[in-house]
Structures are given as structure tokens and as C-alpha cells.
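**Student:** Any chance you could fold what I've pasted below:
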Amino acid sequence: MPTARGWVVLACGAGLYIAARGFGAPVLGVLAIALLVAVAAAVAWCLRHRSADLRLEARLSPPRPVEGRPWSCRLAVHGRLPRDARLDLELLGRPVAVALRRRDGSAQGEAAGIAGRRGRYALGPARVRIADPLGLAAVERPAAVRGEAIVWLDAGLAEADGRGGTGGDGRRHGVRVRAVGFDLHGIREHQPGESLRRVDWKTSARTGELMVRELEDSGRVEILVVADPGWVGADVAPERIDAALRRAAALAQSLARAEAAAVLAVEGARRERVVLDGTSPARALALDALSGAAADRTEDLGTRLARCPDALAARTIIVVTATPTDGLAAWADRAARRCPVEVVAVGAEPPRAAPEPEAVASA
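**Tutor:** You can find the predicted model right below:
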């Protein structure tokens, strides 16, 4: 369709044509027809690119941006497009405009920015704006895009203020961290390229060969870290919830580095359970669960934990929350008779009652 410039050119062409007919000036008539034809040709040029379907591919770097840190994204639109176009896209919750240039069979462009608040963000909607070289006409077409992107929370923010992995009063957790949860299966020779973390130095000194301990999972949970993003209707600032999740992430990372037999449970509408075994996939799963957590739980956390298998079997339980309730406090008192329980209330007010559950979901 004609742009603002195109409508001005159309108005000028129509005015010149009327003047040419009224004053008998054929030169003005030729100029008027040229202006009208130029706008019509620009509209036709844009419409010829309107029929083909467009497909958008987005590649974020890093694939999981971290809140408050830079990110970049390479964009490619596949389909019939002119040499130059513009892409308007919702990316990580913010609108961006990207200039596209056709090369290697697709229209490509790049976007960059600073990641905002943690969470999951759907890619799109996306629209491609096609304009003629003179800017007389333009047309917009949707570009199909699938998938979502997740912005990781920055656990380093909790560690930077000196409270990462600490209790509600700023003390370090009194948790005895041991590499339990794995039983000794046997001792064998060290293989080239294998980590030295499980070398049995006494046996190695006695045999003169480098020997390692072979462990097998005993299925025990020594430490359970419960991250609470809140419940539906809780009047809590998002910054407080994010601070609680960062604290839980910092604690989970310190336990994973210490090779404790720990489990992270993110208590949203559906429980996300991650075994903190210290591997990179486990770290990514934990950050995904914490970063995408939403305050969509409809029953009290104490009720949920009372029937949680991990909470019943764990030897130490740490609950990190920004929304403590009377029900959670009552559960903690009962569970403390069996094992140490600590409730870390991050910037929270005194406990209050949570709403009755609308529907009880199985743990």
C-alpha cells in the first residue's frame, strides 16, 4: 500500500493532471502521469512479494541469556524477499527492529541487547516490512516462527552480596556436606583422560598404579533444596521472588560443587525435580527450572511438602521462599522432629495464610 510519501506523490500527480487539463499544458500532463505510474509500479513491486510464505529462524548467543548481561541473535528469513527489508519482532519480551539484507538464499540480520528479567519468552510475533527503493509503497507480511527462549537468572547476584547459600539472617547454612548418595562399588585402574577427582591415593601409593574408586548411586537424598516461586494471588513484588530464586540457585550450585547428594525441587503448579550431581546438564536443568518458575501454585507449600517423597526421605531440608505462610511454618515444625529443617525467608513479611487449594495435584 502507498506510504505517506506515496500518498503525497499521488496527490501531486492528480493536481498536475487537473492543472494540465485545465490550462492545456501537455508537459504537465506527462509529468502527472509519470508520478501516478511511479506509485502504481511501487505498489505492484511490493505486492509481488506478498504471496510466498515466510519462515523465521533465530539463533541466540548465548542460547540461554543471563539477566542483565548482553546477548546477540542472528536472524534469517526464508522465502521470496527483495534485496532489503525490515523485520519487526518480539524478542525476549522486547520489540526489536532489524534491517534484513538478502544473501546466501535468505534475508539475514542481527539484533543485540541486554537481557531483562528471568523467565520464558515466546519468539514472535514477527512481521516483515517490504518497501520499494523510493519508499512510495510498503507491505507487511507475517513470518512464521516457533519456539521459546529462556533468560537465566544470575545466581552470582546472590553470591556477590555475601548471602549466597546463607540463611535468612545472613549466616552460612549449617549443612554438613559430604559426597554421600554413592556407595563404593570397587576400585579399578585409571583410564586416560578420566577425571582425577575419584582417585584413591592410598591404593595408588600401595600398588604403584593410579587407581580410582568406582561408585554406584545409592538412591539416597541427603539434602533437599526447595525453591518456592509463590502461590497464585500472593501480593509479592517480582523482585523479591527473583531474589529468592537466585538464593536457591546459589545454594544449589554450591552443593553441586561439593558433590553432596542433593536434590532441587521447584514448587510451581507442577514440581520440577533436578538431581544436583555436579554435571553441566544438571546445572542447565536447574537453572531452566528456576528461571522459568512462575507463581502459579494454588495450594499451601506445607501441604505440598507433607506428601513429597523427597521431603520424607531427605536428611536435611532447606526451603527458600519469599512468601512464607502459617501452613509452611507448621509443616517445618513437624518435619524438624525428624531432620534439620531451615526456612529461608528472603525479604519476607511475617507468615500469613495461603488460600485453600482449588485442585490437589499429585506430587
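
**Student:** can you give me the helices for the stretch 251-363 of the chain?
**Tutor:** 280-291, 301-306, 309-313, 326-335 (DSSP state H, counting those that start in this stretch).

**Student:** packing partners for the top helix by length along the chain?
**Tutor:** In the chain, with assignment by DSSP state H, the single longest helix is helix 26-47. Counting contacts by 3 or more CB pairs under 8 Å, 6 or more residues apart in numbering; DSSP states H and E, helix 26-47 is packed against helix 4-23, strand 138-142. For the C-beta atoms, the positions are set from N, CA and C on the backbone; glycine is no exception.

**Student:** Which residues are in contact with L157?
**Tutor:** The contact partners of L157, by CB atoms under 8 Å, 6 or more residues apart in numbering, come to 68, 246.

**Student:** sorry, back to before: give me the angle between the helix or strand that comes right after the longest helix of the chain and strand 138-142.
**Tutor:** Going down the chain from helix 26-47, the next helix or strand is strand 55-61, by DSSP states H and E. Taking axes from the mean of the first three to the mean of the last three CA atoms, to 10 degrees, one finds strand 55-61 and strand 138-142 inclined to each other by 70 degrees.

**Student:** Which elements pack onto strand 55-61?
**Tutor:** Judged by 3+ CB pairs under 8 Å, 6+ apart, strand 55-61 is in contact with strand 70-78, strand 84-91.

**Student:** which one of these has the lowest average pLDDT?
**Tutor:** Among the helices and strands packed on strand 55-61, strand 84-91 carries the lowest mean pLDDT, at a mean of 89.

**Student:** Quick check: R213 touching S195?
**Tutor:** No. Counting by CB atoms under 8 Å, R213 stays clear of S195, with 11.6 Å between them.

**Student:** Same drill for those two, tell me which one is more crowded.
**Tutor:** Taking other CB atoms under 10 Å, R213 and S195 do not tie; R213 has more neighbours (15 against 8).

**Student:** helix, strand or coil for that one?
**Tutor:** strand (DSSP: H, G, I helix; E, B strand; the rest coil).

**Student:** Contacts only, for it.
**Tutor:** By CB under 8 Å, 6+ apart, the residues touching R213 are 184, 186-187, 198-200.

**Student:** So which residues make contact with the one helix or strand V225 maps to?
**Tutor:** V225 is part of strand 223-228, with elements assigned from DSSP H and E. With CB under 8 Å, 6+ apart as the test, strand 223-228 has contacts from 175, 177, 244-245, 248-249, 251-252, 255, 260-267, 276, 289-290, 293, 301, 305, 310-311, 314-323.
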